[in-house]
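Asker: Prediction below, plus the sequence it came from.
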Amino acid sequence: MSSRLLDFQSYIGGSDNVQVINLFPRSQKTFTYEFNTNVTDWTFTADQQSLVLDSIAYDRVSGLPNFADSTIIGYMNTATSIDPATYINETNQDVGVIYFTIPENRYTGPLLPNARKNPVMTVVSFEWANEGTPPVKESHRWAIIETWEPGVTVGDPQVSSDFVPIGVGAISAFTDNSATDADRVPGAYTVTGLSNGEGTGATFSVQVTAGGVTNIDIISRGTLYNAADTIQLLDVNMGSGGAADITVTVSSIA
């Protein structure tokens with residue numbers, strides 16, 4: 001279901017655990033964390049995922065974002081781990097100082113050159129843990145409003161094949177039985193599947209190489225699907241070489 005962001009900082013972790021900032025997608029920024037103790041035995045990790053909001057308002061005086069009327073309309077399907085060897089510097093861990101860099105190219109899809117309509121926000125989570133007594137496991141989040149810059153594709157993030165709309169039964173993950181079949185005709189196909197349920201609109205990219213080796217990606221995630229629904233990709237739409245139809249099984253929806 002979509003979520004009303006009455007207080008976005010509380011929604012993703014509270015005012016002490018989240019900071020909202022603007023960055024260009026190709027920009028990165030380093031922050032210093034001071035733990036005031038030796039953290040040699042601690043573990044530091046980070047990951048990120050991009051959300052799409054319907055709109056963001058800005059305070060006319062302060063210029064700060066106001067999320068009171070914002071709604072999350074979807075997200076980018078893949079959450080990504082951030083390489084600690086590259087972006088987490090533990091050189092001064094013996095004096096409790098860790099340097100964390102928010103990486104560039106967090107989001108590489110289209111953006112509208114409009115600060116208010118369908119903006120993308122990447123939430124970066126920096127986490128630390130130890131096995132002491134008591135054990136510690138904490139995190140800090142950076143909510144980054146991705147700002148359009150020259151070189152970024154101009155477009156609505158909702159058209160990205162990675163975009164998953166929330167609350168409409170869109171396919172967020174799937175499996176398929178596309179075993180190698182020598183009768184499958186090599187080529188690149190766009191196939192709209194036939195669902196066994198109410199779901200509609202799911203479209204797949206089917207790449208068939210020599211020998212019938214087949215790879216399937218999703219193009220359009222559709223609506224009204226349920227987990228465990230099956231979708232048939234018919235051979236007649238993939239060269240009609242006499243190969244078996246492909247069955248896609250919905251693993252999860254948003």
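Answerer: Received it, and whenever you're ready, just let me know what you need.

Asker: What is the neighbour count of His140?
Answerer: A count of nearby residues for His140, using other C-beta atoms under 10 Å, gives 18. Placement of C-beta: from N, CA and C, glycine included.

Asker: now it, nearest residue through space, not along the chain?
Answerer: Excluding the flanking residues, the one nearest His140 by C-beta to C-beta, 6 or more residues apart in numbering is Phe126, at 5.0 Å.

Asker: so Phe204 is in which element?
Answerer: According to DSSP states H and E, Phe204 maps onto strand 200-209.

Asker: and that strand, which residues are buried?
Answerer: Using 16 or more other C-beta atoms under 10 Å as the burial criterion, the residues of strand 200-209 that qualify are 201-202, 204, 206, 208.

Asker: give me every residue that touches the residue nearest the centre of the chain.
Answerer: With distances taken as C-alpha atoms, centre = their mean, Met76 lies nearest the centre of the chain, 2.9 Å away. With contact set as C-beta atoms under 8 Å, 6 or more residues apart in numbering, Met76 has these partners: 49-52, 107, 109, 120, 157, 160, 162-164.

Asker: what about Val95, distance to Gln28?
Answerer: Taking C-beta to C-beta, to the nearest Å as the measure, Val95 and Gln28 are separated by 24 Å.

Asker: Same check on Asn215?
Answerer: According to C-beta to C-beta, Asn215 and Gln28 sit 32 Å apart.

Asker: Which one of those two is surrounded by more residues?
Answerer: Summary of the neighbour comparison: Asn215 and Gln28, criterion other C-beta under 10 Å, with Gln28 having more neighbours (14 against 11).

Asker: Do I have it right that that one meets Glu104?
Answerer: Yes. The criterion here is C-beta atoms under 8 Å, and Gln28 meets it with Glu104 at 4.2 Å.

Asker: Just put the buried residues of strand 200-209 in a markdown table and tack on pLDDT.
Answerer: Converted to a markdown table, those look like this (pLDDT from 0 to 100):
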| residue | pLDDT |
| --- | --- |
| Gly201 | 92 |
| Ala202 | 94 |
| Phe204 | 95 |
| Val206 | 96 |
| Val208 | 95 |
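
Asker: Adding distance to Val250, write those residues out as a markdown table.
Answerer: A markdown table is the format used below for those (distance: C-beta to C-beta, whole Å):
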| residue | distance to Val250 |
| --- | --- |
| Gly201 | 13 |
| Ala202 | 8 |
| Phe204 | 12 |
| Val206 | 17 |
| Val208 | 22 |
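
Asker: from those, which is closest to Leu224?
Answerer: Closest approach to Leu224 among the buried residues of strand 200-209 (C-beta to C-beta): Gly201, at 8.3 Å.

Asker: Excluding residues flanking it in the chain, which one is nearest the closest one?
Answerer: Using C-beta to C-beta, 6+ apart and skipping residues adjacent in sequence, the residue nearest Gly201 is Gly222, 3.5 Å away.

Asker: that's a strand at the one you found, yeah?
Answerer: Yes. The assignment for Gly222 is a strand, going by DSSP: H, G, I helix; E, B strand; the rest coil.

Asker: That one and Gly199 touch, don't they?
Answerer: Yes. Counting by C-beta under 8 Å, Gly222 does reach Gly199; the two are 5.7 Å apart.
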